[in-house]
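With the sequence up front, the predicted model follows.
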Amino acid sequence: MRVLGVASGSAALVLGLAGSALACNIKDFSAEAKCDGGKGVIVVTDTDASAKDATVSVFLKGVGGVETKVGEQPVKGSKEGASITFAEDWKPSATYRIHVKAGDIVDEDVQPDLVTPSTACTTESETPKPTASATPSPSSSPSESAPAQPATPAPSASGSSSAPAGTAENAPSPAAGESNLAETGANSNTGLIAGVAALLVVVGGGAVWFGMRRRGAGRNG
């Protein structure tokens with residue numbers, strides 16, 4: 001009987017230790033901040049092999065100890081791990097408190113608190129794209145690379161100035177024409193000069209005739 005009592009006590013102790021090992025524990029819960037399609041999410045995983053029903057609550061810790069409740073979800077653990085996701089577009093380096101309530105067994109926070117990565121999730125819309133001004137459009141390239149057409153020289157004053165200078169310089173001016181007329185006698189003094197010349201001719205002729213007549217009378221006497 002004594003031997004049976006010791007055996008029974010040992011078995012109860014073993015079963016108790018085994019039950020304690022399989023019981024739900026706060027260490028069975030873990031939290032992680034991830035990105036899903038460019039949006040932030042918080043994933044809590046329950047690896048409780050006893051599959052105890054639990055409730056997980058997530059709180060965002062603010063400045064001065066102020067907390068904001070993000071959400072609350074039920075979870076039933078498994079040996080492989082059961083995960084629940086909270087849609088929370090978290091900011092870089094933010095702190096979240098994860099609280100677990102599993103009946104009368106667990107009622108505490110996951111330690112340590114969850115701190116998000118220092119880099120936020122990015123979406124495709126936030127990815128910088130080349131602007132139209134940075135890449136030249138095909139339509140503008142030909143016009144810019146087309147060789148410039150030689151400009152046709154327009155007739156200007158230089159065309160008239162290229163004519164032989166002698167033509168304009170050798171042409172008689174009105175003043176020159178008037179001076180030539182004066183030299184040829186086409187002037188108002190021409191008649192007076194002609195009259196004086198005729199008178200001199202007559203006087204000279206009369207003097208010659210008178211002289212010859214006196215010479216002839218002297219010879220006859």
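Yep, that arrived.

from here on, contacts and neighbour counts on C-alpha atoms
OK.

pLDDT of the strand or helix carrying Gly195, averaged?
Secondary structure from DSSP states H and E places Gly195 in helix 190-220. What helix 190-220 shows for mean pLDDT is 80.

now the helices for the chain?
Per DSSP state H, the chain carries helices over the ranges 2-22, 140-145, 157-161, 165-170, 174-183, 190-220.

coming back round to it: check which helices and strands the helix holding Gly195 sits against.
Applying 3 or more Cα pairs under 8 Å, 6 or more residues apart in numbering; DSSP states H and E, one finds that helix 190-220 contacts no other helix or strand.

Quick check: buried residues in it?
Going by neighbour count (16 or more other Cα atoms under 10 Å), nothing in helix 190-220 comes out as buried.

now stretch 86-98
Going by 16+ other Cα under 10 Å, stretch 86-98 has these buried residues: Phe86, Glu88, Asp89, Trp90, Thr95, Tyr96, Arg97, Ile98.

Wait, Val75 touches Ala51, no?
No - the pair Val75 / Ala51 is not scored as a contact, 9.0 Å apart, by Cα atoms under 8 Å.

what's the weakest-modelled helix or strand in this structure?
helix 157-161 (a mean of 45; mean pLDDT, DSSP states H and E).

Can you tell me how far the nearest residue to Lys69 once chain neighbours are set aside is from Ser83?
Leaving aside its chain neighbours, Lys69 sits nearest to Phe59 (4.3 Å; criterion: Cα to Cα, 6 or more residues apart in numbering). Using Cα to Cα, to the nearest Å, Phe59 is found at 18 Å from Ser83.

repeat for Pro92
Taking Cα to Cα as the measure, Pro92 falls 23 Å from Ser83.

cool, and Thr45?
Look at Thr45 and Ser83: by Cα to Cα, they are 4 Å apart.

more crowded one of these two?
Per other Cα atoms under 10 Å, whichever of Thr45 and Ser83 has more neighbours is Thr45, with 21 against 17.

so that one sits right up against Ser30, yeah?
Yes - using Cα under 8 Å, Thr45 makes contact with Ser30 at a distance of 5.4 Å.

so where is this structure shaky, pLDDT-wise?
Applying pLDDT under 70 to the chain flags the ranges 1-22, 123-188, 218-221.

again, only this time at 90
Along the chain, the model assigns pLDDT under 90 to residues 1-23, 37, 63-65, 122-221.

residues touching Asp28, list them.
Residues in contact with Asp28, defined by Cα atoms under 8 Å, 6 or more residues apart in numbering, are Asp46, Thr47, Asp48.

ok, now with 10 Å
Thr45, Asp46, Thr47, Asp48, Ala49, Gly77, Ser78, Lys79, Gly81, Val110 (Cα atoms under 10 Å, 6 or more residues apart in numbering).

No more questions from me, cheers.
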